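S.K.: return atomic coordinates for the entry below.
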Amino acid sequence: MKTLTLLTIMNNAFAYDYSKDNRIFISSSGPSSLRETISSEPKVFVKHPRVYLQHLEANDELRIVANEVLEAPSIEEKIAKTYIYMQNENPYVSDPEGIDLIRKPIDTYFHGGDCEDLALLALEFFRELNLNSYFVLAPRHAFTLVGPVDEARLRNFLPRNYSYNFMGYYFDDGFYVYFDPAVRNGYPGYVDLSYLGSAVIADVNTQEIVNTIGKKLEIKNN
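M.R.: Okay, here's the model as predicted:
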C-alpha cells in the first residue's frame with residue numbers, strides 16, 4: 001500500500017505521492033491535512049483519451065447555445081453558466097449493459113449520456129466559448145479541466161448559500177478547475193477524490209496525454 005497525503009504548503013493544498021515524487025494541486029482552500037490510502041497492487045487500464053476525443057465535432061446547434069445562452073464577459077461566468085445549464089438540460093444516461101457507447105456531443109445534447117459523453121459535450125461548449133480545457137480520464141470516470149480561473153471571481157457566479165472548496169490543477173497559465181457534469185448537484189471545481197488516485201490528463205487539440213495524476217495507468221489504444 002502507498003499513502004497519498006493531502007497537506008497545506010503556503011496556504012495551498014497538495015496531494016503528494018512520495019514514492020513517485022509527484023505533487024498534485026488539489027485546492028487553494030482545502031483542509032490542512034487528509035490521508036487517503038491507495039492500493040498499488042494490480043495494474044489499471046484505461047483507453048487512450050483519443051478514443052473519446054476523436055468524437056468531438058462542431059455543430060451549429062451547439063454553437064447557437066454557446067453564443068446565445070452561455071456566452072458571458074468573463075471566463076468564470078462562462079464556466080458557471082455552462083455548468084448550471086448542463087445540470088438542468090443534459091441528463092446522465094447510462095450506456096446499454098455491456099456496451100461502451102461513445103456519443104457525439106450533439107447526440108448527448110439531445111438525448112443525454114454517461115460521464116465521458118457529458119465531458120465531451122462540455123469540451124465542445126468550451127471550444128465554442130474559446131475556453132482552454134483538458135480531458136481527464138480515470139479507470140471508471142471521465143471529466144474535464146477548464147480555466148484558467150480566479151477562484152474568488154468564480155464564487156461570485158455560483159449560488160451564495162454554499163461553501164465551495166475548489167479543486168483543480170495548475171498549468172503554466174494558471175489554475176484550472178475540475179468540471180464534472182456527470183455529478184448531480186455539484187459545482188465547477190468539485191470532483192470525487194477517489195477518481196484522482198489514477199487518472200490521465202489529455203490535451204483536447206493534440207489528443208495526447210500531457211500528465212498523469214496519482215498511480216500510473218496502463219494505456220490501451222482501442
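S.K.: which residue ranges of the chain form strands?
M.R.: Counting by DSSP state E, the chain has strands at residues 2-9, 12-17, 22-27, 33-38, 45-47, 132-138, 141-147, 168-171, 174-179, 198-203, 209-214, 218-220.
S.K.: nearest residue to the middle of this protein?
M.R.: Residue closest to the mean C-alpha point of the chain, counted by C-alpha atoms, centre = their mean, is Thr144 at 2.4 Å.
S.K.: so the residue nearest to that residue when sequence neighbours are not counted versus Val146, what's the distance?
M.R.: Once flanking residues are discounted, Thr144 sits nearest to Phe179: 4.6 Å by C-beta to C-beta, 6 or more residues apart in numbering. In this view, the C-beta of every residue, glycine as well, is placed from N, C-alpha and C. Per C-beta to C-beta, to the nearest Å, Phe179 is found 5 Å from Val146.
S.K.: the two: who's more crowded?
M.R.: More neighbours surround Phe179 than the other of Phe179 and Val146, with 32 against 26 (other C-beta atoms under 10 Å).
S.K.: picking that back up, mind listing what the residue nearest to Thr144 touches?
M.R.: Phe179 sits next to Ile79, Thr82, Tyr83, Ala122, Ser133, Phe143, Thr144, Leu145, Val146, Pro188, Gly189 when contact means C-beta atoms under 8 Å, 6 or more residues apart in numbering.
S.K.: so which of those residues is the closest to Lys215?
M.R.: Closest to Lys215 out of those is Phe143 (17.5 Å), distances taken as C-beta to C-beta.
S.K.: so the closest one bridges to which residues?
M.R.: Judged by DSSP bridges, the bridge partners of Phe143 are Val136.
S.K.: and it, how far is that from Leu56?
M.R.: Separation of Phe143 from Leu56 (C-beta to C-beta) stands at 15 Å.
S.K.: quick one: which of these two has more around it?
M.R.: Comparing Phe143 with Leu56 by other C-beta under 10 Å, the one with more neighbours is Phe143, at 25 against 17.
S.K.: list the contacts of the more buried one.
M.R.: By C-beta under 8 Å, 6+ apart, the contact set of Phe143 is Cys115, Ala119, Val136, Tyr178, Phe179, Asp180, Pro181, Ala182, Val191, Tyr195.
S.K.: select from the strands of the chain the stretch with the lowest mean pLDDT.
M.R.: Note on these: strand 2-9 shows the lowest mean pLDDT, a mean of 35.
S.K.: distance check, the spatially closest residue to Glu116 that is not a sequence neighbour against Glu76.
M.R.: Leaving aside its sequence neighbours, Glu116 sits nearest to Ala142 (C-beta to C-beta, 6+ apart; 3.9 Å). Ala142 is 23 Å from Glu76, where distance means C-beta to C-beta.
S.K.: ok, the nearest residue to Phe45 once chain neighbours are set aside to Lys81 distance?
M.R.: Leaving aside its chain neighbours, Phe45 sits nearest to Glu218 (4.6 Å; criterion: C-beta to C-beta, 6+ apart). Remark: distance between Glu218 and Lys81 (C-beta to C-beta) = 38 Å.
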